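Peer 1: Okay, here's the prediction I keep looking at, along with the sequence it came from:
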Amino acid sequence: MLEGDLLASINGQQPRDVLEYQQLVDDDEVVLAVERGGLTFDVDVAKGAGEPLGLEVHTAVFDEVTTCDNHCEFCFIYQLPPGLRKSLYLKDDDYRLSFLYGNFTTLTRFTELDLERVVEEGLSPLNVSIHATDPDVRSGLLRNRRGATSLRWLRALLDAGVEVHGQIVVCPGINDGAVLDDTLCGVLDRFPDLQSLCIVPLGVSRHSRERRMRNHTGNEAAAVLTTVHDWQDVFGRVLGRRLVHAADEYYLLAGQPFPAADTYEGFPMHEDGIGMARTFELEFTGAVATPTGVQSGFFANVDGAPAEGYRAHKAGRVEIRRPSGPGAPVTILTGEYGARVLAPLVADRARVLAVENRFFGGNVAVAGLLVGEDLARALEREPADGRYLLPDVCLSAGRFLDGRSVGDLPRPVEVVATDGISLRAALNG
(Lines give C-alpha, C1' and ligand atoms only; values in the text may rest on other atoms or scores of the structure.)
Protein backbone atom coordinates (compact mmCIF):
# COMPACT_ATOMS: atom_id res chain seq x y z
CA MET A 1 0.00 0.00 0.00
CA LEU A 2 1.02 3.60 -0.62
CA GLU A 3 0.52 6.74 1.38
CA GLY A 4 -2.86 8.21 0.48
CA ASP A 5 -4.53 4.90 -0.30
CA LEU A 6 -8.06 4.49 1.07
CA LEU A 7 -8.61 1.39 3.19
CA ALA A 8 -12.20 0.45 2.34
CA SER A 9 -12.54 -2.71 4.43
CA ILE A 10 -10.65 -5.41 6.33
CA ASN A 11 -11.85 -8.98 5.82
CA GLY A 12 -15.04 -7.53 4.43
CA GLN A 13 -15.73 -5.29 7.43
CA GLN A 14 -15.51 -1.51 7.68
CA PRO A 15 -13.89 -0.57 11.02
CA ARG A 16 -15.32 2.47 12.80
CA ASP A 17 -12.04 3.43 14.41
CA VAL A 18 -8.49 2.33 15.06
CA LEU A 19 -9.67 0.11 17.92
CA GLU A 20 -11.76 -2.04 15.58
CA TYR A 21 -8.95 -1.80 13.03
CA GLN A 22 -6.55 -3.36 15.50
CA GLN A 23 -8.91 -6.23 16.26
CA LEU A 24 -9.45 -6.98 12.58
CA VAL A 25 -5.76 -6.96 11.65
CA ASP A 26 -4.83 -9.28 14.53
CA ASP A 27 -5.74 -12.32 12.40
CA ASP A 28 -3.02 -14.31 10.69
CA GLU A 29 -4.66 -13.84 7.28
CA VAL A 30 -5.91 -10.38 6.41
CA VAL A 31 -7.62 -9.24 3.21
CA LEU A 32 -7.53 -5.49 2.66
CA ALA A 33 -9.85 -3.77 0.17
CA VAL A 34 -7.87 -0.78 -1.08
CA GLU A 35 -9.02 2.15 -3.21
CA ARG A 36 -6.43 4.01 -5.29
CA GLY A 37 -7.06 6.39 -8.15
CA GLY A 38 -10.69 5.36 -8.50
CA LEU A 39 -9.86 1.65 -8.61
CA THR A 40 -10.51 -0.92 -5.88
CA PHE A 41 -8.36 -4.02 -5.41
CA ASP A 42 -7.65 -6.58 -2.69
CA VAL A 43 -4.37 -7.05 -0.89
CA ASP A 44 -3.84 -10.42 0.82
CA VAL A 45 -1.53 -10.27 3.83
CA ALA A 46 -0.15 -13.38 5.55
CA LYS A 47 1.44 -12.82 8.94
CA GLY A 48 1.55 -14.23 12.43
CA ALA A 49 -1.57 -13.83 14.55
CA GLY A 50 -1.25 -10.68 16.66
CA GLU A 51 1.68 -9.32 14.66
CA PRO A 52 1.43 -5.67 13.57
CA LEU A 53 0.23 -5.08 10.03
CA GLY A 54 2.71 -2.25 9.54
CA LEU A 55 0.27 0.39 8.32
CA GLU A 56 -0.37 3.84 9.73
CA VAL A 57 -3.82 5.37 9.48
CA HIS A 58 -4.34 9.13 9.21
CA THR A 59 -6.82 9.39 12.08
CA ALA A 60 -7.92 7.34 15.07
CA VAL A 61 -11.65 7.70 14.31
CA PHE A 62 -12.87 6.68 10.85
CA ASP A 63 -16.53 7.54 11.37
CA GLU A 64 -17.48 10.97 12.69
CA VAL A 65 -15.95 12.11 15.95
CA THR A 66 -18.56 12.49 18.66
CA THR A 67 -18.54 16.26 19.03
CA CYS A 68 -19.33 18.14 22.22
CA ASP A 69 -22.78 19.71 22.44
CA ASN A 70 -22.08 21.49 25.72
CA HIS A 71 -21.57 25.26 25.72
CA CYS A 72 -19.36 25.66 28.77
CA GLU A 73 -18.51 29.23 29.70
CA PHE A 74 -14.99 28.15 30.54
CA CYS A 75 -14.30 26.17 27.34
CA PHE A 76 -10.93 27.30 26.01
CA ILE A 77 -11.87 26.52 22.41
CA TYR A 78 -14.36 29.39 22.57
CA GLN A 79 -11.45 31.59 23.67
CA LEU A 80 -9.22 30.93 20.66
CA PRO A 81 -8.53 33.77 18.26
CA PRO A 82 -9.75 33.40 14.65
CA GLY A 83 -7.52 32.16 11.87
CA LEU A 84 -5.91 29.12 13.52
CA ARG A 85 -5.88 25.58 12.11
CA LYS A 86 -9.40 24.20 11.73
CA SER A 87 -8.59 21.17 13.86
CA LEU A 88 -8.03 23.41 16.89
CA TYR A 89 -11.68 24.48 16.89
CA LEU A 90 -13.06 20.92 17.04
CA LYS A 91 -14.76 20.17 20.35
CA ASP A 92 -14.92 16.43 20.94
CA ASP A 93 -16.78 14.52 23.63
CA ASP A 94 -15.72 11.09 22.38
CA TYR A 95 -14.93 8.36 24.89
CA ARG A 96 -12.67 6.69 22.30
CA LEU A 97 -10.37 9.72 22.25
CA SER A 98 -10.44 9.73 26.03
CA PHE A 99 -9.18 6.15 26.04
CA LEU A 100 -6.61 6.64 23.29
CA TYR A 101 -5.24 10.09 24.06
CA GLY A 102 -6.37 11.12 27.52
CA ASN A 103 -9.01 13.63 26.36
CA PHE A 104 -11.77 14.42 28.84
CA THR A 105 -15.41 13.56 28.20
CA THR A 106 -18.44 14.94 30.04
CA LEU A 107 -20.48 11.81 29.15
CA THR A 108 -23.42 13.98 28.02
CA ARG A 109 -23.45 12.11 24.70
CA PHE A 110 -22.63 8.71 26.15
CA THR A 111 -25.11 5.88 25.44
CA GLU A 112 -25.94 2.31 26.46
CA LEU A 113 -24.18 1.07 23.34
CA ASP A 114 -21.08 3.05 24.29
CA LEU A 115 -21.11 1.55 27.78
CA GLU A 116 -21.48 -1.94 26.34
CA ARG A 117 -18.49 -1.43 24.06
CA VAL A 118 -16.30 0.10 26.77
CA VAL A 119 -16.97 -2.85 29.06
CA GLU A 120 -16.71 -5.61 26.43
CA GLU A 121 -13.49 -4.27 24.92
CA GLY A 122 -11.91 -3.15 28.17
CA LEU A 123 -11.46 0.47 27.13
CA SER A 124 -9.86 1.62 30.35
CA PRO A 125 -8.78 4.10 31.67
CA LEU A 126 -11.09 6.96 30.74
CA ASN A 127 -10.99 10.63 31.78
CA VAL A 128 -14.24 12.30 32.83
CA SER A 129 -14.96 16.00 33.39
CA ILE A 130 -17.04 16.32 36.56
CA HIS A 131 -16.87 20.03 37.49
CA ALA A 132 -19.73 19.67 40.02
CA THR A 133 -21.84 16.85 41.41
CA ASP A 134 -24.89 19.01 42.12
CA PRO A 135 -27.17 18.46 39.08
CA ASP A 136 -28.24 22.08 38.78
CA VAL A 137 -24.72 23.47 39.14
CA ARG A 138 -23.30 20.98 36.65
CA SER A 139 -25.98 21.55 34.02
CA GLY A 140 -25.48 25.29 34.43
CA LEU A 141 -21.72 25.00 34.00
CA LEU A 142 -22.10 22.85 30.89
CA ARG A 143 -25.08 24.84 29.61
CA ASN A 144 -26.65 21.50 28.81
CA ARG A 145 -29.59 20.00 30.66
CA ARG A 146 -28.11 16.52 30.17
CA GLY A 147 -25.27 17.63 32.40
CA ALA A 148 -27.64 17.15 35.33
CA THR A 149 -27.99 13.42 34.71
CA SER A 150 -24.99 12.26 32.69
CA LEU A 151 -22.86 11.42 35.74
CA ARG A 152 -25.02 8.29 36.01
CA TRP A 153 -22.73 6.93 33.30
CA LEU A 154 -19.73 7.59 35.53
CA ARG A 155 -21.31 5.40 38.19
CA ALA A 156 -22.05 2.73 35.58
CA LEU A 157 -18.45 2.78 34.34
CA LEU A 158 -17.07 2.44 37.84
CA ASP A 159 -19.52 -0.39 38.63
CA ALA A 160 -18.21 -2.20 35.54
CA GLY A 161 -14.63 -1.94 36.81
CA VAL A 162 -13.48 0.74 34.38
CA GLU A 163 -10.63 2.89 35.71
CA VAL A 164 -11.71 6.53 35.61
CA HIS A 165 -9.78 9.73 36.34
CA GLY A 166 -11.85 12.82 37.09
CA GLN A 167 -11.34 16.53 36.57
CA ILE A 168 -12.86 19.67 38.06
CA VAL A 169 -12.22 23.01 36.36
CA VAL A 170 -12.77 25.60 39.07
CA CYS A 171 -14.38 28.88 38.01
CA PRO A 172 -14.03 31.57 40.71
CA GLY A 173 -17.33 32.50 42.30
CA ILE A 174 -19.20 29.68 40.57
CA ASN A 175 -18.02 26.21 41.58
CA ASP A 176 -15.41 27.03 44.22
CA GLY A 177 -16.03 27.63 47.93
CA ALA A 178 -19.07 25.80 49.29
CA VAL A 179 -19.84 24.31 45.86
CA LEU A 180 -16.39 22.72 45.67
CA ASP A 181 -16.86 21.33 49.17
CA ASP A 182 -20.23 19.90 48.12
CA THR A 183 -18.69 18.41 44.96
CA LEU A 184 -15.93 16.64 46.88
CA CYS A 185 -18.50 15.40 49.37
CA GLY A 186 -20.52 14.10 46.41
CA VAL A 187 -17.43 12.31 45.08
CA LEU A 188 -16.90 10.60 48.42
CA ASP A 189 -20.57 9.60 48.57
CA ARG A 190 -21.13 8.53 44.95
CA PHE A 191 -17.76 8.01 43.26
CA PRO A 192 -15.19 6.98 45.90
CA ASP A 193 -13.75 4.43 43.47
CA LEU A 194 -12.43 7.10 41.12
CA GLN A 195 -8.77 6.44 40.46
CA SER A 196 -7.88 10.10 40.91
CA LEU A 197 -9.43 13.55 40.80
CA CYS A 198 -7.62 16.70 39.69
CA ILE A 199 -8.57 20.28 40.50
CA VAL A 200 -7.43 22.74 37.83
CA PRO A 201 -7.92 26.51 37.62
CA LEU A 202 -9.92 28.25 34.95
CA GLY A 203 -7.88 29.47 32.00
CA VAL A 204 -9.02 32.82 30.59
CA SER A 205 -7.65 34.25 27.37
CA ARG A 206 -8.13 37.85 26.23
CA HIS A 207 -10.55 36.52 23.62
CA SER A 208 -13.09 35.31 26.20
CA ARG A 209 -16.51 36.96 25.94
CA GLU A 210 -17.95 35.38 29.07
CA ARG A 211 -18.56 38.01 31.75
CA ARG A 212 -18.51 35.55 34.64
CA MET A 213 -15.15 34.06 33.69
CA ARG A 214 -12.23 35.72 35.44
CA ASN A 215 -8.82 34.97 36.92
CA HIS A 216 -8.33 33.55 40.39
CA THR A 217 -6.97 35.93 42.98
CA GLY A 218 -4.16 34.75 45.20
CA ASN A 219 -6.54 34.44 48.14
CA GLU A 220 -9.00 32.40 46.06
CA ALA A 221 -6.22 30.07 44.97
CA ALA A 222 -5.15 29.63 48.59
CA ALA A 223 -8.76 28.86 49.57
CA VAL A 224 -8.96 26.16 46.89
CA LEU A 225 -5.75 24.61 48.22
CA THR A 226 -7.14 24.63 51.75
CA THR A 227 -10.24 22.82 50.52
CA VAL A 228 -8.19 20.26 48.61
CA HIS A 229 -5.84 19.60 51.53
CA ASP A 230 -8.75 19.22 53.95
CA TRP A 231 -10.44 16.71 51.65
CA GLN A 232 -7.18 14.84 51.13
CA ASP A 233 -7.23 14.23 54.88
CA VAL A 234 -10.85 13.06 54.70
CA PHE A 235 -10.25 10.75 51.74
CA GLY A 236 -7.11 9.45 53.41
CA ARG A 237 -9.01 8.46 56.56
CA VAL A 238 -11.97 6.95 54.71
CA LEU A 239 -10.39 5.48 51.56
CA GLY A 240 -6.75 5.10 52.53
CA ARG A 241 -5.62 7.41 49.72
CA ARG A 242 -5.70 11.14 49.05
CA LEU A 243 -7.59 10.79 45.73
CA VAL A 244 -7.83 14.56 45.00
CA HIS A 245 -4.93 16.78 43.95
CA ALA A 246 -4.58 20.42 42.93
CA ALA A 247 -2.77 21.58 39.79
CA ASP A 248 0.66 23.14 40.13
CA GLU A 249 -0.79 26.47 38.99
CA TYR A 250 -2.68 26.79 42.25
CA TYR A 251 0.52 26.64 44.28
CA LEU A 252 2.12 29.24 42.03
CA LEU A 253 -0.94 31.51 42.24
CA ALA A 254 -1.10 31.18 46.02
CA GLY A 255 2.65 31.52 46.50
CA GLN A 256 2.81 28.21 48.34
CA PRO A 257 5.45 25.46 48.04
CA PHE A 258 4.64 22.37 46.03
CA PRO A 259 3.77 19.21 48.00
CA ALA A 260 6.34 16.47 48.44
CA ALA A 261 6.62 13.99 45.57
CA ASP A 262 5.05 11.10 47.50
CA THR A 263 1.94 13.21 48.11
CA TYR A 264 0.92 12.72 44.47
CA GLU A 265 0.49 8.95 44.80
CA GLY A 266 2.32 8.06 41.62
CA PHE A 267 1.43 11.16 39.55
CA PRO A 268 -1.60 9.63 37.78
CA MET A 269 -2.68 13.03 36.39
CA HIS A 270 0.75 14.36 35.48
CA GLU A 271 -0.36 15.48 32.01
CA ASP A 272 -3.14 17.57 33.54
CA GLY A 273 -0.59 19.68 35.39
CA ILE A 274 -0.69 17.73 38.66
CA GLY A 275 2.80 17.35 40.12
CA MET A 276 4.69 18.46 37.01
CA ALA A 277 7.02 20.66 39.03
CA ARG A 278 7.99 17.84 41.39
CA THR A 279 8.49 15.30 38.58
CA PHE A 280 10.65 17.80 36.70
CA GLU A 281 12.75 18.36 39.80
CA LEU A 282 13.20 14.60 40.32
CA GLU A 283 14.25 14.19 36.70
CA PHE A 284 16.58 17.18 36.58
CA THR A 285 18.39 16.32 39.81
CA GLY A 286 18.89 12.69 38.77
CA ALA A 287 16.62 11.27 41.49
CA VAL A 288 14.90 9.16 38.82
CA ALA A 289 16.47 7.50 35.79
CA THR A 290 13.53 7.86 33.40
CA PRO A 291 10.88 10.56 32.88
CA THR A 292 8.26 10.27 35.61
CA GLY A 293 5.14 11.38 33.78
CA VAL A 294 3.24 9.58 31.04
CA GLN A 295 5.17 10.22 27.83
CA SER A 296 3.71 8.15 25.01
CA GLY A 297 0.09 7.41 25.80
CA PHE A 298 -1.90 4.31 25.00
CA PHE A 299 -1.81 4.98 21.26
CA ALA A 300 1.72 3.58 21.22
CA ASN A 301 0.20 0.16 21.94
CA VAL A 302 -2.40 0.32 19.16
CA ASP A 303 -0.97 -0.80 15.83
CA GLY A 304 -1.08 2.05 13.34
CA ALA A 305 -2.80 4.58 15.58
CA PRO A 306 -1.55 8.11 14.83
CA ALA A 307 -0.25 10.39 17.54
CA GLU A 308 -2.82 13.15 17.85
CA GLY A 309 -3.79 16.05 20.09
CA TYR A 310 -1.67 16.55 23.18
CA ARG A 311 0.28 13.43 22.31
CA ALA A 312 1.13 14.46 18.76
CA HIS A 313 4.75 14.34 17.67
CA LYS A 314 6.26 17.59 18.86
CA ALA A 315 9.36 18.82 17.17
CA GLY A 316 8.92 17.27 13.75
CA ARG A 317 11.99 17.66 11.52
CA VAL A 318 13.67 20.55 13.29
CA GLU A 319 17.26 21.26 12.36
CA ILE A 320 19.38 22.30 15.33
CA ARG A 321 21.87 25.08 14.64
CA ARG A 322 24.11 25.89 17.56
CA PRO A 323 26.03 29.16 17.67
CA SER A 324 29.68 28.81 16.80
CA GLY A 325 32.29 28.86 19.52
CA PRO A 326 32.37 27.21 22.96
CA GLY A 327 30.92 28.73 26.09
CA ALA A 328 27.94 30.48 24.52
CA PRO A 329 25.58 31.76 27.23
CA VAL A 330 22.55 29.47 27.62
CA THR A 331 19.00 30.81 27.86
CA ILE A 332 15.94 28.62 28.46
CA LEU A 333 12.76 29.92 26.87
CA THR A 334 9.54 29.08 28.70
CA GLY A 335 6.23 30.47 29.91
CA GLU A 336 5.85 32.64 32.98
CA TYR A 337 4.77 29.70 35.15
CA GLY A 338 7.58 27.49 33.88
CA ALA A 339 10.14 30.19 34.63
CA ARG A 340 9.19 30.19 38.29
CA VAL A 341 9.75 26.43 38.45
CA LEU A 342 12.95 26.33 36.41
CA ALA A 343 14.82 29.34 37.73
CA PRO A 344 15.78 27.84 41.13
CA LEU A 345 16.84 24.56 39.51
CA VAL A 346 19.18 26.03 36.87
CA ALA A 347 20.31 29.20 38.63
CA ASP A 348 24.02 28.38 38.33
CA ARG A 349 23.86 26.86 34.85
CA ALA A 350 21.55 28.89 32.64
CA ARG A 351 19.36 31.95 32.41
CA VAL A 352 15.59 31.50 32.23
CA LEU A 353 13.61 33.85 30.00
CA ALA A 354 9.91 34.07 30.86
CA VAL A 355 8.07 34.80 27.60
CA GLU A 356 4.88 36.80 28.01
CA ASN A 357 1.96 35.26 26.13
CA ARG A 358 0.38 38.23 24.39
CA PHE A 359 -1.14 36.04 21.69
CA PHE A 360 -3.67 34.54 24.12
CA GLY A 361 -3.34 37.10 26.88
CA GLY A 362 -5.47 36.80 30.01
CA ASN A 363 -3.95 34.46 32.57
CA VAL A 364 -2.36 32.13 29.99
CA ALA A 365 1.18 31.53 31.24
CA VAL A 366 2.01 27.87 30.55
CA ALA A 367 4.82 26.83 28.22
CA GLY A 368 2.56 24.60 26.15
CA LEU A 369 0.63 27.60 24.79
CA LEU A 370 3.63 29.66 23.71
CA VAL A 371 3.42 30.67 20.05
CA GLY A 372 5.96 31.73 17.46
CA GLU A 373 4.83 35.35 17.46
CA ASP A 374 5.58 35.85 21.17
CA LEU A 375 8.82 33.87 21.05
CA ALA A 376 10.02 35.90 18.06
CA ARG A 377 9.32 39.15 19.86
CA ALA A 378 11.30 37.97 22.90
CA LEU A 379 14.22 36.63 20.85
CA GLU A 380 14.61 39.78 18.79
CA ARG A 381 15.93 41.52 21.90
CA GLU A 382 18.41 38.73 22.66
CA PRO A 383 22.07 38.57 21.52
CA ALA A 384 22.79 36.60 18.36
CA ASP A 385 25.64 34.60 19.89
CA GLY A 386 23.54 33.01 22.62
CA ARG A 387 22.36 29.41 22.88
CA TYR A 388 18.58 29.12 23.26
CA LEU A 389 16.70 26.05 24.50
CA LEU A 390 12.98 25.64 23.76
CA PRO A 391 10.65 23.01 25.29
CA ASP A 392 8.99 20.82 22.66
CA VAL A 393 5.62 20.99 24.42
CA CYS A 394 4.74 24.19 22.55
CA LEU A 395 5.14 22.46 19.17
CA SER A 396 3.03 20.00 17.20
CA ALA A 397 4.75 18.44 14.19
CA GLY A 398 7.21 21.33 14.26
CA ARG A 399 4.53 24.06 14.30
CA PHE A 400 3.40 26.48 16.98
CA LEU A 401 -0.31 27.11 17.53
CA ASP A 402 -0.09 30.27 15.42
CA GLY A 403 1.24 28.25 12.47
CA ARG A 404 4.82 29.48 12.64
CA SER A 405 7.77 27.12 12.76
CA VAL A 406 11.07 27.14 14.62
CA GLY A 407 12.76 28.27 11.40
CA ASP A 408 10.70 31.47 11.51
CA LEU A 409 12.31 32.58 14.79
CA PRO A 410 14.97 35.31 14.61
CA ARG A 411 17.52 33.23 16.56
CA PRO A 412 18.52 29.56 16.23
CA VAL A 413 16.95 27.47 18.97
CA GLU A 414 17.43 23.93 20.22
CA VAL A 415 14.18 22.03 20.81
CA VAL A 416 14.41 19.94 23.98
CA ALA A 417 11.94 17.34 25.22
CA THR A 418 9.90 18.74 28.12
CA ASP A 419 11.33 16.70 30.99
CA GLY A 420 14.13 17.30 33.46
CA ILE A 421 16.36 14.52 32.16
CA SER A 422 16.39 15.97 28.65
CA LEU A 423 17.08 19.47 29.92
CA ARG A 424 19.96 18.27 32.05
CA ALA A 425 21.43 16.46 29.05
CA ALA A 426 21.06 19.57 26.89
CA LEU A 427 22.84 21.70 29.48
CA ASN A 428 25.63 19.14 29.73
CA GLY A 429 25.95 18.83 25.95
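Peer 2: Nice, I can see it.
Peer 1: which other helices and strands contact the host helix or strand of Val187?
Peer 2: Val187 is part of helix 177-190, with elements assigned from DSSP states H and E. The contact analysis (3 or more Cβ pairs under 8 Å, 6 or more residues apart in numbering; DSSP states H and E) places helix 177-190 against strand 164-170, strand 196-201, helix 218-239. All C-beta atoms are positioned from the backbone trio N, CA, C, and that covers glycine.
Peer 1: can you pull the buried residues of that helix?
Peer 2: 179-180, 183-184, 186-188 (16 or more other Cβ atoms under 10 Å).
Peer 1: same thing with stretch 111-118?
Peer 2: Of all the residues in stretch 111-118, those buried under the rule 16+ other Cβ under 10 Å are 114-115, 117-118.
Peer 1: How about residues contacting it?
Peer 2: If you take Cβ atoms under 8 Å, 6 or more residues apart in numbering as the criterion, stretch 111-118 is touched by 95, 99, 123-124, 126, 153, 156-157, 160, 162.
Peer 1: swap in stretch 149-158?
Peer 2: 106-108, 110, 115, 118, 126, 128, 130, 133, 135, 138, 164, 166, 190-191, 193-194.
Peer 1: Report the buried members of those.
Peer 2: 106-108, 110, 115, 118, 126, 128, 130, 133, 138, 164, 166, 191, 194.
Peer 1: follow-up on the earlier one: in helices, which of the buried residues of stretch 111-118 fall?
Peer 2: 114-115, 117-118 (DSSP state H).
Peer 1: that older thread, can you tell me which of the contacts of stretch 111-118 is closest to Arg387?
Peer 2: The closest of the contacts of stretch 111-118 to Arg387 turns out to be Phe99 (Cβ to Cβ; 40.7 Å).
Peer 1: Tell me the spacing between the closest one and Asp114.
Peer 2: 11 Å (Cβ to Cβ, to the nearest Å).
Peer 1: likewise Asn11?
Peer 2: 24 Å.
Peer 1: For the stretch 251-400 of the chain, which segments count as helices?
Peer 2: Ranges of helices within the stretch 251-400 of the chain are 276-284, 336-346, 372-380, based on DSSP state H, counting those that start in this stretch.
Peer 1: Deepest-packed of those, please.
Peer 2: Compared across the helices of the stretch 251-400 of the chain, helix 276-284 shows the largest average neighbour count, a mean of 22 (mean count of other Cβ atoms under 10 Å).
Peer 1: got a pLDDT number for Gly102?
Peer 2: pLDDT, Gly102: 88.
Peer 1: So it sits against Asn127, correct?
Peer 2: Yes - using Cβ atoms under 8 Å, Gly102 is in contact with Asn127, at 5.8 Å.
Peer 1: still on that earlier bit, now the helices and strands packed on helix 177-190 as JSON lines including mean pLDDT and distance to Phe284?
Peer 2: Formatted as JSON lines, those follow (pLDDT from 0 to 100; distance: least, Cβ to Cβ, whole Å):
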{"stretch": "strand 164-170", "mean pLDDT": "98", "distance to Phe284": "26"}
{"stretch": "strand 196-201", "mean pLDDT": "97", "distance to Phe284": "23"}
{"stretch": "helix 218-239", "mean pLDDT": "98", "distance to Phe284": "24"}
